[in-house]
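> Could you work out the structure for the sequence below:
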Amino acid sequence: MVRPVGFQPWLKSFYDHRWQWIFGFALALVTVVAGIGLLALSGWFITASALFITVNIYAPGSGIRFFAVTRTVARYVERLVNHDLVLKIQARWRIAWFKYFQRDAYQGLARFRVAHAIQGLTRHIEAMDNLWLRLAMPTITTAAVSLCFAIWFSFYSLALAGIVIATWLAASWAISRLATYSLLQAVSVEKYQQRMRSRGMALTESMEETLAWQQFEKQSQSISEYSAKTERAFNAEQQRTHRIKLYLEWLTHGAIVAIYLLALQLFADSAEQVSTAEVVMLLLAALAWQELLLELPQQWQSYGRTALASRRLLAKTTGDESVASVIQSDDGALSFQAVSVYRQGRQLFNPMSCSAQAGQWLWLSAPSGEGKSTLLNATAGMHHAVDGVIAVPELARFSYLTQHTDVLDDTTFNNLTLGREISEQRLWTVLEWVELAERIRQLPAQLHTPIGEQGVRLSGGQYRRLALARALVEEAPLLILDEPFSGLDSALAERITMRLMRVCPQTIVLVASHHVPAFVQAHEAHQVIQLSHS
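Sure, this is the predicted structure:
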């Protein structure tokens with residue numbers, strides 16, 4: 001069962017540009033009316049001239065030119081106004097969403113991979129283009145034109161007006177059915193595409209292993225199956241749209257035949273009150289109105305993608321606060337209150353409680369797989385299966401060195417700044433702290449020398465120290481380090497630790513390590529917590 005989709009939050013965005021919205025709709029309506037008027041008046045004029053009816057050629061000639069010029073100008077300006085409106089709204093949505101994600105740093109982004117959080121977000125916002133240009137405006141315009149037709153035809157006969165209203169209602173019902181099927185289809189397509197994408201990425205990342213285990217063909221076949229399911233879903237959507245359009249063609253053709261027969265009956269019974277030229281005019285106007293109705297299925301075929309995009313965007317704003325186990329402390333300390341974390345429903349360690357003040361180091365020690373890295377992720381707001389409460393100095397300000405940090409195929413400068421405005425003096429200072437400055441000075445362009453893919457110009461220990469330097473570049477009240485001294489000898493690790501204690505006296509440092517160095521045990525600023533599982 002597909003839940004109903006509400007577009008109210010998105011439509012509210014148009015309120016600040018309501019005059020442009022109204023102007024754009026008015027131009028779209030004028031464009032359609034002028035086009036119908038041009039066709040109908042031209043048909044009347046040609047028919048009247050062919051039947052040698054005495055007419056003042058200047059009046060209909062002026063009307064034809066007026067409708068032609070009005071349609072051209074209105075159509076051009078309407079495109080400018082409406083596309084400018086949509087671009088403004090899109091820019092507003094993008095700014096609002098990226099500010100929303102920036103609000104709590106990792107909070108709220110934890111549930112998404114980069115592709116889902118950024119590419120998916122951009123794709124969904126672009127899909128919302130359809131909300132006005134392909135859904136709302138064509139539908140409202142068609143409804144307004146149908147009402148105008150009904151009023152116009154009612155001057156000739158109420159039966160003619162009734163045909164217009166009945167046809168429009170039947171067409172609206174068909175479009176609503178298409179919208180429902182389109183949403184169901186969009187859900188299926190997205191599910192298949194996500195699975196195909198995930199399996200494709202997994203296959204790419206494990207290419208060597210799958211080839212060695214002779215599982216490559218099997219995994220590729222699985223991806224092909226989801227590709228085929230996606231294609232079948234697209235084909236089903238096209239077929240359904242074709243059936244709806246075929247239904248509308250028969251519906252509107254029947255309406256046109258009925259309008260034509262009624263117009264002929266009026267011509268026969270009205271003692272020349274309805275002329276032959278007027279019958280042709282009504283028929284041509286009905287044909288133009290039919291074209292308007294037949295465009296709706298193609299427009300509403302995109303309803304499913306737009307509705308699904310709306311749902312996904314709205315879903316990102318709900319639930320984050322209710323599942324978050326991380327709060328901001330009142331005294332600027334880091335504290336854990338009866339905290340334990342879970343992975344796949346399994347408790348990783350017994351509840352633990354501890355706290356650290358500014359300048360203190362908190363070491364978490366446990367064997368592999370006992371939850372150290374998971375607890376660090378929970379502290380950073382990237383893991384929500386948590387019991388207890390974690391209080392951090394500031395929610396949005398911390399630095400995090402993960403256990404498996406990637407180094408970009410770029411320069412040292414860009415690896416440390418990551419696009420941020422940071423002076424070279426600060427970079428050299430941090431490199432001195434981790435004893436990497438001398439190695440970087442030996443490079444041809446120093447900070448601006450490319451270090452190669454995965455830092456191939458650096459040794460394993462230098463690679464790790466570069467990642468640590470990146471975490472130290474910004475002065476944050478909380479520094480989270482996962483195995484920061486992996487690959488370093490104990491003497492170098494001790495020198496870096498003591499130096500960081502001296503140069504960052506107000507920073508709380510949370511460290512996860514398999515083995516706590518001996519020098520830590522004897523220092524009063526270091527607190528060691530042994531995670532245990534009974």
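> for the chain, what's the longest helix?
Identified as the longest helix of the chain according to DSSP state H is helix 216-269.
> what pairs with Leu481 across the strands?
Leu401, Val511 (DSSP bridges).
> confidence score at it?
pLDDT recorded at Leu481 is 85.
> same check, this time on the one 5 residues further on
What the model reports as pLDDT for Ser486 is 76.
> you'd agree it is up against Tyr463?
No - counting by Cβ atoms under 8 Å, Tyr463 is not a contact partner of Ser486; they are 10.0 Å apart. Bear in mind the C-beta positions are built from the backbone N, C-alpha and C, glycine included.
> any idea which helix or strand comes after the longest helix of the chain?
As assigned by DSSP states H and E, the chain's next helix or strand after helix 216-269 is helix 276-294.
> Would you mark the buried spots in the helix or strand just after that following helix?
Scanning forward in sequence from helix 276-294 by DSSP H and E, the next helix or strand is helix 296-300. Of the residues in helix 296-300, 296-297, 299-300 count as buried by neighbour count, 16 or more other Cβ atoms under 10 Å.
> Counting by contacts, list what helix 296-300 packs against.
Secondary-structure packing of helix 296-300 (3 or more Cβ pairs under 8 Å, 6 or more residues apart in numbering; DSSP states H and E): helix 137-154, helix 158-205, helix 216-269.
> and that helix, how far from the chain's centre?
23 Å (Cα atoms, centre = their mean, to the nearest Å).
> what's the answer for stretch 480-492, then?
39 Å.
> ok, now stretch 333-342?
For stretch 333-342, the distance to the chain centre is 33 Å (Cα atoms, centre = their mean).
> For it, the averaged confidence score.
Mean predicted lDDT for stretch 333-342 stands at 84.
> Provide a list of residues in contact with Val326.
Counting by Cβ atoms under 8 Å, 6 or more residues apart in numbering, Val326 touches 107, 378-379, 381, 390-392, 395.
> Run a quick neighbour tally on Glu231.
12 (other Cβ atoms under 10 Å).
> what sits against it?
Counted by Cβ under 8 Å, 6+ apart, Glu231 has zero contacts.
> Check it and give its pLDDT.
84.
> Trp97 too?
67.
> try Ala110
Confidence at Ala110, expressed as pLDDT, is 49.
> next one: the one 10 residues further on
As summarised for this prediction, Gly120 has a pLDDT of 61.
> try Val520
Looking at Val520, the pLDDT reads 69.
> And Glu321, by the same measure?
On the pLDDT scale, Glu321 gets 40.
> Ser486 and Tyr463 - which one has more neighbours?
Comparing Ser486 with Tyr463 by other Cβ under 10 Å, the one with more neighbours is Tyr463, at 20 against 16.
> Rounded mean pLDDT for whichever strand or helix holds that one, please.
Secondary structure assignment for Tyr463, by DSSP H and E: helix 460-472. Averaging pLDDT along helix 460-472 gives 81.
> next one: stretch 253-264
90.
> Stretch 84-91 now?
Per-residue scores along stretch 84-91 average to 83.
> And for stretch 371-380?
pLDDT averaged over stretch 371-380 gives 81.
> ditto for stretch 51-64
71.
> Check stretch 492-508 too.
Mean predicted lDDT for stretch 492-508 stands at 83.
> Could I get the buried residue list for it?
Applying 16+ other Cβ under 10 Å to stretch 492-508 flags 493-497, 500-501, 504, 507-508 as buried.
> can you check stretch 480-494 too?
Result for stretch 480-494 [16+ other Cβ under 10 Å]: buried residues 480-486, 488, 493-494.
> before we move on, what about stretch 252-272?
Of the residues in stretch 252-272, 252, 255-256, 258-260, 262-263, 266-267 count as buried by neighbour count, 16+ other Cβ under 10 Å.
> now for those residues, which pair is the farthest apart?
Thr252 and Phe267 (22.0 Å; Cβ to Cβ).
> Please list all residues in contact with the closest residue to Met281 other than its chain neighbours.
Computed as Cβ to Cβ, 6 or more residues apart in numbering, the closest residue to Met281 that is not its neighbour in sequence is Trp44, at 4.0 Å. Taking Cβ under 8 Å, 6+ apart, we find Trp44 in contact with 60, 277-278, 280-281.
> can you list the domains in the chain?
8-321, 325-530 (automatic domain parsing).
> Name the nearest residue to Tyr247, sequence neighbours excluded.
Nearest to Tyr247 is Ala174, by Cβ to Cβ, 6+ apart, at 5.6 Å.
> same question, Ser486
Arg464 (5.8 Å).
> do the same with Gln290
Thr252 (4.2 Å).
> And the one you found, how close does it get to Gln298?
Using Cβ to Cβ, to the nearest Å, Thr252 is found at 15 Å from Gln298.
> quick revisit: columns distance to Ala143 on top of the buried residues of stretch 252-272, output as JSON lines?
Formatted as JSON lines, the buried residues of stretch 252-272 follow (distance: Cβ to Cβ, whole Å):
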{"residue": "Thr252", "distance to Ala143": "15"}
{"residue": "Ala255", "distance to Ala143": "16"}
{"residue": "Ile256", "distance to Ala143": "19"}
{"residue": "Ala258", "distance to Ala143": "20"}
{"residue": "Ile259", "distance to Ala143": "19"}
{"residue": "Tyr260", "distance to Ala143": "24"}
{"residue": "Leu262", "distance to Ala143": "23"}
{"residue": "Ala263", "distance to Ala143": "24"}
{"residue": "Leu266", "distance to Ala143": "26"}
{"residue": "Phe267", "distance to Ala143": "29"}
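> What helices and strands are in contact with whichever helix or strand Glu494 is part of?
Per DSSP H and E: Glu494 is located in helix 490-503. Packed against helix 490-503, as judged by 3+ Cβ pairs under 8 Å, 6+ apart, are the following elements: helix 424-433, helix 460-472, helix 518-521.
> Please report the distance of Ala391 from Thr241.
Ala391 is 54 Å from Thr241, by Cβ to Cβ.
> Same question for Ala228.
20 Å.
> Settle it for me: which of the two has more neighbours?
Between Ala228 and Thr241, Thr241 has the larger neighbour count (other Cβ under 10 Å), namely 18 against 12.
> so what's the more buried one closest to, chain neighbours aside?
Nearest to Thr241 is Gln301, by Cβ to Cβ, 6+ apart, at 4.8 Å.
> next one: phi and psi at that neighbour?
phi -60, psi -30 (degrees, to the nearest 10).
> residue boundaries of the strands in the stretch 351-500 of the chain?
For the stretch 351-500 of the chain, the strands defined by DSSP state E, counting those that start in this stretch cover 352-356, 361-365, 386-392, 399-401, 478-482.
> Please list the outside residues in contact with the longest one.
In other words, strand 386-392. 325-329, 333-342, 347, 351, 353, 378-379, 398, 478.
> can you pull the pLDDT of Glu524?
pLDDT at Glu524 comes out at 66.
> circling back: buried ones in the one helix or strand the residue nearest to Met281 maps to, by neighbour count?
When secondary structure is defined by DSSP H and E, Trp44 falls within helix 18-50. For helix 18-50, burial by neighbour count (16+ other Cβ under 10 Å) applies to 21, 23-25, 27-45, 47-48.
> Tell me, please, where in the stretch 201-350 of the chain the pLDDT is lower than the cut-off.
When residues are selected by pLDDT under 70, those of the stretch 201-350 of the chain lie in 201, 205-206, 208-209, 212, 270-273, 314-325.
> Give me the nearest residue to Val77, chain neighbours excluded.
That would be Leu27: by Cβ to Cβ, 6+ apart, it lies 5.7 Å from Val77.
> Might you report the residue contacts of that neighbour?
Contacts of Leu27 (Cβ under 8 Å, 6+ apart): 74-75, 77-78, 81-82.
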